[in-house]
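# Following is a predicted model, sequence given first.
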Amino acid sequence: MITSYENKIASNFTLSTALLVAVIFFVIYYVVDLAVFNGLQKDITFEADKHFYEVGVKDGVPYIADKAEWFEREYRELEVNPVFVQITDQNGAVIEKSPNLKQDALRADLSQKDKAFFRTKLKGLSIAQIQIGLKERNKLAGYLVVAIPIAESERVLGTLKNVLLIAFPIVLLVLFFVTRFIAGKSIQPVLSVIDTASTITNENLTTRIPLPPGKDELGRLVVTINDLLDRIENAVDREKQFTSDASHELRTSLAVIKGTLEVLIRKPRSAQEYVEKIAYCISEIDRISYLVDQLLLLARFESQKKALESRSTDLAELTATILQRQQDHILDKGLSVELQTGEHFDVYSDPYMVEIIIENLISNAIKYSDPYESIRIEIGKLNSDIIYTVTDKGIGIATDEIPKIQEPFYRSNPLQHPQITGNGLAFRL
């Protein structure tokens with residue numbers, strides 16, 4: 001099941017808000033309940049204190065000091081908000097009660113010896129009740145019990161509870177749709193990015209996602225995606241160029257071999273001609289073989305950059321080994337090579353790849369140097385960087401072509417020096 005992102009945002013926000021709203025509603029109900037019954041407790045305590053001074057205790061029996069005033073009060077009839085008063089002995093037996101209680105009686109909690117406030121029932125109606133212990137010489141003689149109806153207060157609280165319970169799902173429902181609407185508006189730029197990105201293929205890699213207004217996380221995302229597209233476009237272009245150049249190099253050598261063999265079979269040749277042409281074809285085959293090996297090495301290097309085995313390599317020792325391998329070529333051209341290094345310089349990298357790079361530098365210096373010239377190799381240090389310099393007195397390269405030397409198969413003006421062989425493969429660590 002696929003859920004839209006705006007629904008996820010709305011659902012998560014609504015669920016998290018539901019807990020907050022529930023806590024707020026509970027606090028509201030609790031505060032109102034506390035305020036209502038604190039007010040009731042004050043009222044009933046006032047009534048109890050007023051009647052407490054009208055009750056006396058004689059010989060361990062509570063009595064009403066002025067019954068005439070007692071019966072003249074409002075307790076005779078059942079009023080809208082009556083006050084019920086009752087006097088009991090220490091065992092809870094009724095001694096005197098207000099006329100509005102009629103045949104009913106308030107029940108004292110005998111476990112409480114002093115003052116106690118609690119809620120109970122009278123004729124099925126809720127009442128708030130307070131009782132005060134009546135004592136004579138610190139000995140409990142009975143209880144003064146005062147009660148007032150709280151049905152109206154409970155009705156108000158019940159109405160409040162119902163309103164909150166009904167409002168809770170309505171608030172959450174409205175909140176969900178409002179949040180969903182706002183989320184939908186907020187992610188509209190994201191949908192625009194998705195629509196634009198979905199149209200980008202190999203055929204239109206130059207297309208870029210327009211930057212949204214404002215410098216926010218979405219803008220950073222678009223910049224990152226566009227940078228990624230730049231890298232992909234460059235990689236695809238390099239791959240196309242690499243394939244084209246490799247195909248051209250292989251096709252050229254194969255065409256030369258095919259043309260040479262076609263010339264040989266047109267008419268009988270002397271043994272010397274056969275030997276020369278076949279030797280030429282073998283040299284071209286060797287060139288193809290070397291090119292394929294270099295291509296495989298380049299492909300393996302590009303795909304395994306992360307798997308390179310790095311360790312410390314002594315550049316002076318490595319250079320001496322390479323010069324030993326290139327000794328025949330150096331002697332053939334009568335070159336003099338000077339290696340200058342003041343100390344041991346170690347680099348931490350893959351030894352095999354470092355050797356390929358340095359051998360390419362030295363090999364090119366030997367190839368492109370004029371006969372009987374000198375080559376100078378210096379290994380030094382500048383601040384914390386190791387500087388490896390190869391200086392030759394050869395044909396050189398134009399300044400505007402220097403940025404191209406790391407492109408695969410690039411060779412500067414190869415037609416001007418056809419006797420110098422090479423493929424122009426470049427390795428970059």
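The structure has been received and is ready for your questions. Being a predicted model, the structure only gives us computed values, none of them experimental.

# where do the strands sit along this structure?
Counting by DSSP state E, the chain has strands at residues 55-58, 61-64, 84-89, 94-97, 115-122, 125-136, 139-149, 311-314, 336-341, 346-349, 374-382, 385-392.

# So for Lys161, which of the ones you listed sits nearest?
Nearest to Lys161 among the strands of the chain is strand 125-136 (14.7 Å), distances taken as C-beta to C-beta. Where you see a C-beta, it was placed from the backbone N, CA and C, and this is true even at glycine.

# Pull up the pairing partners for the closest one, direction included.
With DSSP bridges as the test, strand 125-136 is paired with strand 115-122 (antiparallel), strand 139-149 (antiparallel).

# Quick one: closest of those to Ser247.
strand 115-122 (96.2 Å).

# tell me the phi and psi of Ser270?
Per-residue torsions, Ser270: phi -80, psi 160 (degrees, to the nearest 10).

# With Leu335 instead?
Its backbone dihedrals place Leu335 at phi -90, psi 150, with angles given as degrees, to the nearest 10.

# Let me have stretch 264-280 in CSV, keeping just the CA atoms, if that works.
C-alpha atoms of stretch 264-280 as CSV (Å, rounded to 0.1, in the frame of the first residue of the first chain):
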residue,chain,number,x,y,z
LEU,A,264,50.7,-9.7,-50.0
ILE,A,265,48.1,-12.0,-51.6
ARG,A,266,47.6,-9.9,-54.8
LYS,A,267,50.6,-11.4,-56.4
PRO,A,268,53.6,-13.6,-55.6
ARG,A,269,56.3,-11.9,-53.5
SER,A,270,59.9,-12.5,-52.7
ALA,A,271,60.8,-14.2,-49.4
GLN,A,272,62.3,-11.0,-48.2
GLU,A,273,59.0,-9.1,-48.8
TYR,A,274,57.0,-11.8,-47.0
VAL,A,275,59.3,-11.6,-44.1
GLU,A,276,59.1,-7.7,-43.9
LYS,A,277,55.3,-7.6,-44.3
ILE,A,278,54.7,-10.4,-41.8
ALA,A,279,57.1,-8.7,-39.3
TYR,A,280,55.3,-5.5,-39.8
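
# circling back: now, of the strands paired with strand 125-136, which is deepest in the fold?
Comparing the strands paired with strand 125-136 by mean neighbour count (mean count of other C-beta atoms under 10 Å), strand 139-149 ranks first with a mean of 21.

# model confidence over that one, on average?
Strand 139-149 shows a mean pLDDT of 84.

# do the same with stretch 121-129
On average, stretch 121-129 scores 81.

# For Asp392, see how far away the residue sitting nearest the centre point of the chain is.
Centroid-nearest residue in the chain, with C-alpha atoms, centre = their mean: Glu217, separated by 11.7 Å. Per C-beta to C-beta, to the nearest Å, Glu217 is found 54 Å from Asp392.

# so who does Arg325 touch?
Shown in contact with Arg325 (C-beta atoms under 8 Å, 6 or more residues apart in numbering): Glu359.

# What of Ile288?
250, 253-254.

# how does it look with 7 Å?
By C-beta atoms under 7 Å, 6 or more residues apart in numbering, the residues touching Ile288 are 250, 253.

# Give the buried residues for stretch 118-137.
The neighbour-count check on stretch 118-137 (16 or more other C-beta atoms under 10 Å) flags 122, 127-135 as buried.

# Out of the strands of the chain, which is closest to Asp49?
Each of the strands of the chain has some distance to Asp49 by C-beta to C-beta; the shortest is strand 125-136, at 8.3 Å.

# Show me how far the closest one is from its chain's centre.
63 Å (C-alpha atoms, centre = their mean, to the nearest Å).

# What angle do strand 84-89 and that strand make with each other?
Strand 125-136 runs at 40 degrees relative to strand 84-89, counting by axes from the mean of the first three to the mean of the last three C-alpha atoms, to 10 degrees.

# hey, C-alpha coordinates of strand 125-136 in PDB?
Extracted in PDB, the C-alpha atoms of strand 125-136 (Å, rounded to 0.1, in the frame of the first residue of the first chain):
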ATOM      1  CA  LEU A 125     -28.600  12.300  44.600                       C
ATOM      2  CA  SER A 126     -25.000  13.300  44.900                       C
ATOM      3  CA  ILE A 127     -24.100  15.400  48.000                       C
ATOM      4  CA  ALA A 128     -20.900  16.900  49.500                       C
ATOM      5  CA  GLN A 129     -20.700  16.100  53.100                       C
ATOM      6  CA  ILE A 130     -18.500  17.300  56.000                       C
ATOM      7  CA  GLN A 131     -18.500  16.000  59.500                       C
ATOM      8  CA  ILE A 132     -16.900  17.400  62.600                       C
ATOM      9  CA  GLY A 133     -16.200  15.500  65.800                       C
ATOM     10  CA  LEU A 134     -17.900  16.800  68.900                       C
ATOM     11  CA  LYS A 135     -15.800  16.300  72.000                       C
ATOM     12  CA  GLU A 136     -16.100  16.900  75.700                       C
END
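
# Not counting it itself, show me its contacts.
By C-beta under 7 Å, 6+ apart, strand 125-136 touches 40, 44-45, 48, 52, 55, 57, 60, 62, 106, 108-109, 112-121, 140-151, 154.

# at 8 Å what do you get?
Under the contact criterion C-beta under 8 Å, 6+ apart, strand 125-136 has outside partners 37, 40-41, 44-45, 48, 52, 55, 57-58, 60, 62, 84, 87, 106, 108-109, 112-121, 140-151, 154.

# And the closest residue to Val263 other than its chain neighbours, how far from Lys267?
Leaving aside its chain neighbours, Val263 sits nearest to Lys277 (7.2 Å; criterion: C-beta to C-beta, 6 or more residues apart in numbering). Going from Lys277 to Lys267 by C-beta to C-beta gives 13 Å.

# the more surrounded of those two?
Shown here are Lys277 and Lys267; by other C-beta atoms under 10 Å, Lys277 has more neighbours (16 against 6).

# Report the separation between that one and Ser253.
Lys277 sits at a distance of 15 Å from Ser253 (criterion: C-beta to C-beta).

# Kindly report the same for Thr319.
Distance from Thr319 to Ser253, by C-beta to C-beta: 32 Å.

# next one: Lys97
In terms of C-beta to C-beta, Lys97 sits 125 Å off from Ser253.
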